[in-house]
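**Student:** Next input, structure requested:
(one chain, ligands or ions: 1)
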Amino acid sequence: MTKEIRPFHAMTIGRLAFQMQAEGRSIVHMQYGQPSARPPAAVMSAAADMLDAGVPGYWQNEELTAAIADTYSSLYGVSISTAQIFLTCGASPAMVLALTAGFAPGARIAMAKPGYVAHRNTVIGLNMEPVELTCGSDTGFQLTADMIRSIDPAPDGLIVASPANPTGSIIPRDEMAAIADACAKRGIRIISDEIYNRLTYDAAAASITEFTTDAFVVNSFSKFYLMPGWRLGWLVVPEEQIDRTVAINGNFFLTPPSLSQAAALAAMSCTDELTSHLDTYRRNRAHLLEALPRLGLTEMAPPDGAFYIYANVDEFTDDSRVLCRELLEQTGVATASGVDFDPEEGHRYMRFSFAVTEAEVLDAIARMTPFFESRRRSA
Ligand SMILES: Cc1ncc(COP(=O)(O)O)c(C=O)c1O
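**Tutor:** Residues are numbered from 1 along each chain as shown. I've put the predicted structure just below:
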């Protein structure tokens, strides 16, 4: 039996939000990191074409792995062979595959806190031990090479995510290089979750593949490609881990849905359209960065990428779970409490996901203004 893992509290808020919506309430869904925009039309027609022609059985779309390999050379200037790329049902199983291929039960895996809830919980669920490194505003809520150098004893593995969830913050390129170097010196194997890599607002995010050939890389069609429900992602593995990963993947997961693989290949030719959604996120981010401090939410992680703002709510509550619930019940704006991302300090934070339309963000701000203003007065 695996160790007990904590539930994802954002799901509880999500369930309540959808229940309220079913009862006729108008809800702005900012609780999940789920793009509300539809994928490009070419994605739908590729899937429709496959439905007409017949859906192949177990299938690994080699055109798709080749197209993914090409992105590593065009975006980062690195050469990845198609044999290193495993198609998975999203980044979530890619993380399971990376952990089981790269580490033994009992392995100690370091990661940032705050961090994506499933990183910690997947490590625990696989009977490994998370080593959570507290990251504060001084480092943009991100890991640094100094932190890696000073963990005693050295962990077996390290999960990095840049841009990160819940903060959106990026590990600067030189720091990422220094982290790769520190890990190489201490024999720490890296898993880099690069699911938000193409969603950045100023500096581009580096890929760990630029600094080492010894890392696992998790990625997905859920965010930049707007295809969360298609459940498709991939894992890049180091050359010497290919055989082991083939064996584990063949037994645990086989292949992801053929329909999604066909659709994803079409998505990969729609880069201009997909990139244009960054304009919406950029405007949404600007609206929130203007409004939230005005409402009294002044301390936040630098939202360099992804589509999140992780803000301190000390001025309003001792428990952000209660605040999120009251915000939802009183205004219809659904958000996530920080407790998912940081069990110790997360009650002081909440996360706004702005992967919605600009109109929805403006509506949410209008609804939240009287809520936070009255809270502030009564606090
Ligand atoms: C950092 C991070 N990794 C992985 C995932 C899971 O992605 P997928 O839908 O591809 O399983 C998410 C989803 O929000 C995420 O934020």
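
**Student:** Taking the stretch 251-379 of the chain, what residue is nearest to the ligand?
**Tutor:** Nearest residue of the stretch 251-379 of the chain to the ligand (Cβ to the nearest ligand atom) works out as Ala306 at 7.5 Å. Every residue, glycine included, has its C-beta placed from N, CA and C.

**Student:** What residues does the stretch 251-379 of the chain have near the ligand?
**Tutor:** For the stretch 251-379 of the chain, the contact set with the ligand under Cβ under 6 Å from any ligand atom is empty.

**Student:** 8 Å instead?
**Tutor:** Ala306 (Cβ under 8 Å from any ligand atom).

**Student:** Please give me every residue in contact with the residue of the stretch 251-379 of the chain closest to the ligand.
**Tutor:** Taking Cβ atoms under 8 Å, 6 or more residues apart in numbering, we find Ala306 in contact with 33, 163-165, 168, 196, 199, 223.

**Student:** gap between Ala101 and Glu240?
**Tutor:** Distance of Ala101 to Glu240, given as Cβ to Cβ, to the nearest Å: 11 Å.

**Student:** again, but for Ser353
**Tutor:** 38 Å.

**Student:** Between those two, which has more neighbouring residues?
**Tutor:** Ser353 (25 against 9; other Cβ atoms under 10 Å).

**Student:** May I have the beta-bridge partners of that one?
**Tutor:** Tyr308 (DSSP bridges).

**Student:** can you list the weak-confidence ranges in this structure?
**Tutor:** Within the chain, the segments meeting pLDDT under 70 span 1-2, 377-379.

**Student:** Identify each of the helices in it and give its residue range.
**Tutor:** 9-22, 41-53, 62-76, 91-102, 117-125, 145-150, 173-186, 242-252, 258-267, 271-294, 320-331, 358-378 (DSSP state H).

**Student:** quick check: angle from the longest one to helix 258-267?
**Tutor:** Spelled out, it's helix 271-294. 90 degrees (axes from the mean of the first three to the mean of the last three Cα atoms, to 10 degrees).

**Student:** Now do helix 271-294: everything it contacts.
**Tutor:** With Cβ under 8 Å, 6+ apart, helix 271-294 has contacts from 35, 37, 40, 198-199, 201, 224-226, 267, 298, 300, 303, 307, 309, 311, 352, 354-358, 361-362, 365, 368-369.

**Student:** buried stuff in it?
**Tutor:** 274, 277-278, 280-281, 284-285, 287-288, 291-292 (16 or more other Cβ atoms under 10 Å).

**Student:** Also the first one?
**Tutor:** Of the residues in helix 9-22, 9-10, 12-14, 16-17, 20 count as buried by neighbour count, 16+ other Cβ under 10 Å.

**Student:** Please apply the same query to the shortest one.
**Tutor:** The neighbour-count criterion (16+ other Cβ under 10 Å) identifies 145, 147-149 as the buried residues of helix 145-150.

**Student:** Break the protein down into its structural domains.
**Tutor:** Domain assignment for the chain by automatic domain parsing gives 9-30+272-378, 42-269.

**Student:** Quick one: end-to-end distance for the last one.
**Tutor:** By that I understand domain 42-269. Taking Cα to Cα, to the nearest Å, domain 42-269 runs 9 Å from one end to the other.

**Student:** Measure how far stretch 48-67 is from the centre of its chain, please.
**Tutor:** Here stretch 48-67 is found 26 Å from its chain centre; the criterion is Cα atoms, centre = their mean, to the nearest Å.

**Student:** got the CA positions of it in PDB?
**Tutor:** Taking C-alpha atoms only, stretch 48-67 is exported to PDB below (Å, rounded to 0.1, in the frame of the first residue of the first chain):
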ATOM      1  CA  ALA A  48     -12.400  14.100 -37.200                       C
ATOM      2  CA  ASP A  49     -10.300  12.800 -40.100                       C
ATOM      3  CA  MET A  50      -9.000  10.000 -38.000                       C
ATOM      4  CA  LEU A  51     -12.500   9.100 -36.700                       C
ATOM      5  CA  ASP A  52     -13.600   8.800 -40.400                       C
ATOM      6  CA  ALA A  53     -10.600   6.800 -41.400                       C
ATOM      7  CA  GLY A  54     -10.500   4.600 -38.400                       C
ATOM      8  CA  VAL A  55      -8.600   4.900 -35.100                       C
ATOM      9  CA  PRO A  56      -5.500   2.800 -35.100                       C
ATOM     10  CA  GLY A  57      -4.800   0.500 -32.100                       C
ATOM     11  CA  TYR A  58      -1.800   0.800 -29.900                       C
ATOM     12  CA  TRP A  59       0.200   3.400 -31.700                       C
ATOM     13  CA  GLN A  60       3.200   5.700 -31.100                       C
ATOM     14  CA  ASN A  61       2.900   8.400 -33.700                       C
ATOM     15  CA  GLU A  62       6.500   8.700 -35.000                       C
ATOM     16  CA  GLU A  63       5.700  11.900 -36.900                       C
ATOM     17  CA  LEU A  64       4.700  13.400 -33.600                       C
ATOM     18  CA  THR A  65       7.800  12.300 -31.700                       C
ATOM     19  CA  ALA A  66       9.900  13.700 -34.600                       C
ATOM     20  CA  ALA A  67       8.000  17.000 -34.500                       C
END
